[in-house]
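> sequence plus predicted model, see below.
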Amino acid sequence: MRFAPIAAAAAAALVAVPAIAGGLVSIQRPETATKGSLTVSSPAFKAGGPIPRKYTVLGENISPPLNWSGTPAAKSYAILVDDPDAPRATPLSHWVVWNLPASVTMVAEGSKSGMQGANSHGTIGYSGPNPPPNDPPHHYHFQVLALDRMLDVPAGGDREAVLAAAKGHVAAKGDLVGTFQAPKPG
């Protein structure tokens with residue numbers, strides 16, 4: 001019985017930590033399987049670095065500029081932005097874009113190019129980072145898929161519809177991860 005206080009303290013500590021389930025980000029899903037890779041970058045933030053507040057819900061809530069290396073087999077590109085640190089069974093989807101032409105290897109800040117889909121917040125287009133204020137930094141995956149065709153997904157489609165349509169058509173993929181932590185209240 002002398003271990004009971006330790007077990008109770010451990011259980012209390014677990015209750016204080018938010019459940020972070022997340023699941024697989026889009027480029028880890030079987031629908032995006034490929035041996036091809038591409039490099040994704042942004043002039044707004046470095047890989048693994050913090051995303052400027054401007055690109056979050058707390059700022060201007062506009063998408064950051066993105067660049068990627070082209071893929072000869074590409075007929076189109078898709079961009080999917082996932083937050084696997086959100087306390088959900090699947091990553092929170094922040095941006096779903098598809099049917100960017102093969103000639104496009106960058107999107108400007110605040111881009112509305114391509115077909116814009118529904119994010120997890122129930123809106124169309126980009127919805128920036130907005131993690132709970134007491135969470136540790138969340139990791140936002142800006143993923144680009146090079147596809148061997150245009151996708152037949154209706155306007156307003158979501159992440160799952162784009163991934164289903166992309167299955168077997170991903171020529172290459174890449175990922176740029178940025179972080180954001182909300183300011184502490186107070």
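Received it, and whenever you're ready, just let me know what you need. Just so you know, these numbers come straight off a predicted model, no measurement behind them.
> only C-alpha atoms from now on, for both contacts and neighbour counts.
Fine.
> Lys46 belongs to a strand?
No - counting by DSSP: H, G, I helix; E, B strand; the rest coil, Lys46 is located in no strand; its state is coil.
> helix or strand right after the least confident helix or strand in the chain by mean pLDDT?
Within the chain, no helix or strand scores below helix 4-16, which has a mean of 36 by mean pLDDT, DSSP states H and E. The C-terminal neighbour of helix 4-16 among helices and strands, as given by DSSP states H and E, is strand 40-41.
> quick one: contacts of that following strand?
With contacts defined as C-alpha atoms under 8 Å, 6 or more residues apart in numbering, strand 40-41 is touched by 47, 66-69, 142-144, 174-176.
> show me what the next helix-or-strand element following that strand is packed against.
Counting by DSSP H and E, the next helix or strand C-terminal to strand 40-41 is strand 66-68. Here strand 66-68 touches strand 40-41, strand 106-107, going by 3 or more C-alpha pairs under 8 Å, 6 or more residues apart in numbering; DSSP states H and E.
> strand 66-68: which residues count as buried?
Burial within strand 66-68, assessed by neighbour count using 16 or more other C-alpha atoms under 10 Å, is assigned to 66-68.
> how about stretch 166-179?
Buried residues in stretch 166-179, defined by neighbour count with 16+ other C-alpha under 10 Å: 166, 169-179.
> how about CSV for those residues, with pLDDT, secondary structure and distance to Ile51 added?
As requested, the buried residues of stretch 166-179 are arranged in CSV below (pLDDT from 0 to 100; DSSP: H, G, I helix; E, B strand; the rest coil; distance: C-alpha to C-alpha, whole Å):
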residue, pLDDT, secondary structure, distance to Ile51
Ala166, 98, helix, 28
His169, 98, coil, 30
Val170, 98, strand, 27
Ala171, 97, strand, 28
Ala172, 98, strand, 25
Lys173, 98, strand, 21
Gly174, 98, strand, 18
Asp175, 97, strand, 15
Leu176, 98, strand, 11
Val177, 98, strand, 9
Gly178, 98, strand, 6
Thr179, 98, strand, 6
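> residues touching the nearest residue to Leu58 once chain neighbours are set aside, list them.
Nearest non-adjacent residue to Leu58, counting by C-alpha to C-alpha, 6 or more residues apart in numbering: Asn130, 7.0 Å away. Asn130 makes contact with 56-58, 182, according to C-alpha under 8 Å, 6+ apart.
> narrow those residues to those that are buried.
Using 16+ other C-alpha under 10 Å as the burial test, the contacts of Asn130 include 56-57, 182 as buried.
> specify the beta-bridge partners of Val96.
Leu80 (DSSP bridges).
> so which of the buried residues of strand 66-68 is the closest to Met115?
Using C-alpha to C-alpha, Leu66 is the member of these that sits closest to Met115, with 16.3 Å.
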